[in-house]
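**Q** This is a predicted model, with the sequence first.
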Amino acid sequence: MSGNRINTRYIKVDQAHPEADAIAEAGLILRGGGLVAFPTETVYGLGADATNGLAVARIFEAKGRPPDNPIIVHVAFRSQLNALAASISAAAEILMDAFWPGPLTIILPAGTGVPEAVTAGLTTVAVRMPDHPVALALIKAAGVPVAAPSANLSGKPSPTRAEHVVQDLDGRIDAILDGGPAGVGVESTVLDLTSQVPIILRPGGITPEELRACLGRVEVDRDAISGYCDGESPRSPGMKYTHYAPRAPLLLVTGSQPAVASKILEMARVEAGGGRRAGILTYSDSSDYSTVGEVVVAGRRDKPETVAAGLYSALRRFNEMGVDIIFAEGLEEKGVGLAVMNRLKKAAGGRIIKV
Ligand code: TXA
Ligand code: MG
């Protein structure tokens with residue numbers, strides 16, 4: 001990676017009605033092969049012209065992203081898919097009608113013109129239409145589909161606010177569009193439509209329940225449930241990497257709430273006794289841990305959407321606090337809770353305690 005810092009333009013825009021001149025400027029940067037971070041309804045993305053392989057290559061450099069991890073292409077119109085996908089199945093049409101714009105990424109057979117940097121050499125391409133006025137305006141202004149992973153350094157929690165992008169990528173990218181906090185808080189659901197039965201490779205804002213109501217049978221990838229990859233070649237290359245990791249090691253504790261609470265209290269006391277500061281990731285309707293560590297409340301246990309919205313900010317808070325270890329309470333893997341638990345398991349990197 002080159003050590004050269006570049007001057008990152010910071011551009012504030014109105015979330016609902018982004019200013020035309022700001023969007024035009026950011027669109028020009030993309031057309032010129034530059035990198036622009038922008039808000040979506042899930043997390044902030046780091047965009048490049050998806051038709052320009054060199055521009056997309058710069059994304060990998062800026063993020064420190066492993067080269068075999070393909071990138072989602074963002075569109076503002078369905079007609080942009082014609083140049084990206086070799087074919088669009090009936091199931092894909094049904095899903096786009098139901099969930100676009102929105103937090104659903106679908107994997108289709110790739111068209112021949114898609115740069116290898118986007119697909120990482122796979123024969124498929126991931127596409128989505130974000131449900132965010134700033135993202136849609138930017139893609140329209142660029143006049144090209146926009147390849148965009150989450151706008152964080154590889155391995156760090158995804159950014160849900162422009163300040164998170166500044167923390168990770170200032171000096172490495174051309175511009176940041178600050179359109180306020182992202183809404184959903186976890187990344188889009190990635191659904192592979194090229195397999196016989198549609199399969200969720202990454203749980204996200206659209207739940208398995210919602211997809212099944214539309215398509216009938218939908219599977220969830222084993223690695224997406226376990227949170228780590230034990231096979232040698234995961235279907236979604238990104239899933240084999242450690243993700244969403246705060247600096248301190250994170251232990252995920254699952255089970256009934258009272259049992260989880262007493263286990264965390266016990267472990268946090270041991271840490272405190274050894275002179276170490278424990279961080280505790282919990283929910284507003286939970287036990288009081290304030291006597292044993294630094295508490296961050298991510299949302300309400302019975303409303304997993306609220307936890308999704310606060311999760312990555314919470315993980316970044318622990319970095320700011322400088323805690324030595326983090327204990328996180330598990331959630332029920334229902335609805336968006338499946339996506340939250342997937343991210344917590346990945347952040348835990350296998351350190352999961354069932355009580
Ligand atoms: O919500 C989101 O999806 C955000 C916003 C910015 O749109 N983007 C995002 O991108 O999360 P990223 O790069 O952080 O995650 C993309 C995931 C990775 O796990 C990658 O491996 C997978 O999608 N993916 C991309 N193209 C794929 C393909 N052709 N086949 C299988 N998996 C693919
Ligand atoms: Mg990411």
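**A** Thanks, I have it. Ligands and ions are numbered 1, 2, ... in the order given.
**Q** Report the distance from stretch 45-62 to the chain centre.
**A** 17 Å (CA atoms, centre = their mean, to the nearest Å).
**Q** Quick check: end-to-end length of it?
**A** Terminal residues of stretch 45-62 lie 13 Å apart, using CA to CA, to the nearest Å.
**Q** is any part of it close to ligand 1?
**A** Yes - with CB under 6 Å from any ligand atom as the measure, stretch 45-62 is seen reaching ligand 1 through residue 45. Every residue, glycine included, has its C-beta placed from N, CA and C.
**Q** in the lowest-mean-pLDDT helix or strand in the chain, what counts as buried?
**A** Of all helical and strand segments in the chain, the minimum by mean pLDDT, DSSP states H and E falls on helix 222-226, at a mean of 81. Of all the residues in helix 222-226, those buried under the rule 16 or more other CB atoms under 10 Å are 223-224.
**Q** remind me which residues of the stretch 151-300 of the chain are low pLDDT?
**A** Residues of the stretch 151-300 of the chain that meet the criterion pLDDT under 70 lie in 227-243.
**Q** neighbours around the residue nearest to residue 254 when sequence neighbours are not counted, how many?
**A** For residue 254, ignoring the flanking residues on the chain, the nearest one in space by CB to CB, 6 or more residues apart in numbering is residue 330 at 3.3 Å. Neighbourhood size, residue 330 [other CB atoms under 10 Å]: 22.
**Q** Residue 330: what's it in contact with?
**A** 252-255, 260, 341, 344 (CB atoms under 8 Å, 6 or more residues apart in numbering).
**Q** Among these, which lie within helices?
**A** 260, 341, 344 (DSSP state H).
**Q** circling back to that earlier point, same for the least confident helix or strand of the chain, what does it pack against?
**A** Contact analysis of helix 222-226 by 3 or more CB pairs under 8 Å, 6 or more residues apart in numbering; DSSP states H and E lists strand 199-202, helix 337-348 as its packing neighbours.
**Q** quick revisit: can you name the two of the contacts of residue 330 that sit furthest apart?
**A** 255 and 344 (13.9 Å; CB to CB).
**Q** Compare the two and say which one has the larger neighbour count.
**A** residue 344 (24 against 14).
**Q** State the pLDDT value of the more buried one.
**A** On pLDDT, residue 344 comes in at 96.
**Q** show me what contacts it?
**A** When contacts are taken as CB under 8 Å, 6+ apart, residue 344 is in contact with 227, 250, 252, 281, 311, 328, 330-331.
**Q** Can you give me the distance of it to residue 157?
**A** For residue 344, the distance to residue 157 equals 11 Å [CB to CB, to the nearest Å].
**Q** what do these two both touch?
**A** residue 311.
**Q** Buried ones in stretch 149-159, by neighbour count?
**A** Neighbour count says stretch 149-159 has 149-154, 156-159 buried, by 16+ other CB under 10 Å.
**Q** cool, and stretch 154-174?
**A** For stretch 154-174, using 16+ other CB under 10 Å, the buried residues are 154, 156-162, 164-170, 172-174.
**Q** on that earlier part again, kindly reformat the helices and strands packed on helix 222-226 as CSV and extend each row with distance to ligand 1.
**A** Shown next, in CSV, are those (distance: least, CB to the nearest ligand atom, whole Å):
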stretch, distance to ligand 1
strand 199-202, 6
helix 337-348, 10
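**Q** Which among these is found nearest to residue 265?
**A** Comparing those under CB to CB, the one sitting nearest is helix 337-348, at 18.7 Å.
**Q** Point out the other elements, helices or strands, that the helix or strand following the closest one touches.
**A** Moving toward the C-terminus from helix 337-348, the first helix or strand encountered (DSSP states H and E) is strand 352-354. Strand 352-354 sits against strand 250-254, with contacts defined as 3+ CB pairs under 8 Å, 6+ apart.
**Q** Alpha carbons only: can I get the strand it packs on in PDB?
**A** Provided in PDB are the C-alpha atoms of strand 250-254 (Å, rounded to 0.1, in the frame of the first residue of the first chain):
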ATOM      1  CA  LEU A 250     -14.700  -9.800  22.100                       C
ATOM      2  CA  LEU A 251     -16.400 -12.800  23.900                       C
ATOM      3  CA  LEU A 252     -20.000 -13.500  22.900                       C
ATOM      4  CA  VAL A 253     -22.100 -15.100  25.600                       C
ATOM      5  CA  THR A 254     -25.300 -16.800  24.500                       C
END
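**Q** Could you list which of the buried residues of stretch 149-159 also contact ligand 1?
**A** Within the buried residues of stretch 149-159, those near ligand 1 by CB under 6 Å from any ligand atom are 149-150.
**Q** From the buried residues of stretch 149-159, pick the one nearest ligand 1.
**A** Within those, the smallest distance to ligand 1 is 2.9 Å, found for residue 149 (CB to the nearest ligand atom).
**Q** Which residue is the nearest non-sequential neighbour of that closest one?
**A** Using CB to CB, 6+ apart, the nearest residue to residue 149 is residue 71, at 5.2 Å.
**Q** what about the one you found, which SS state?
**A** Here residue 71 is recorded as coil under DSSP: H, G, I helix; E, B strand; the rest coil.
**Q** could you list every residue that touches it?
**A** 50, 56, 59, 117-118, 120, 126, 147-149.
**Q** Repeat the analysis, applying 10 Å as the threshold.
**A** Contact analysis of residue 71 by CB atoms under 10 Å, 6 or more residues apart in numbering lists 45-48, 50, 56, 59-60, 63, 65, 115, 117-120, 125-126, 146-149, 238.
**Q** From these, which land in strands?
**A** 45-48, 125-126, 146-147 (DSSP state E).
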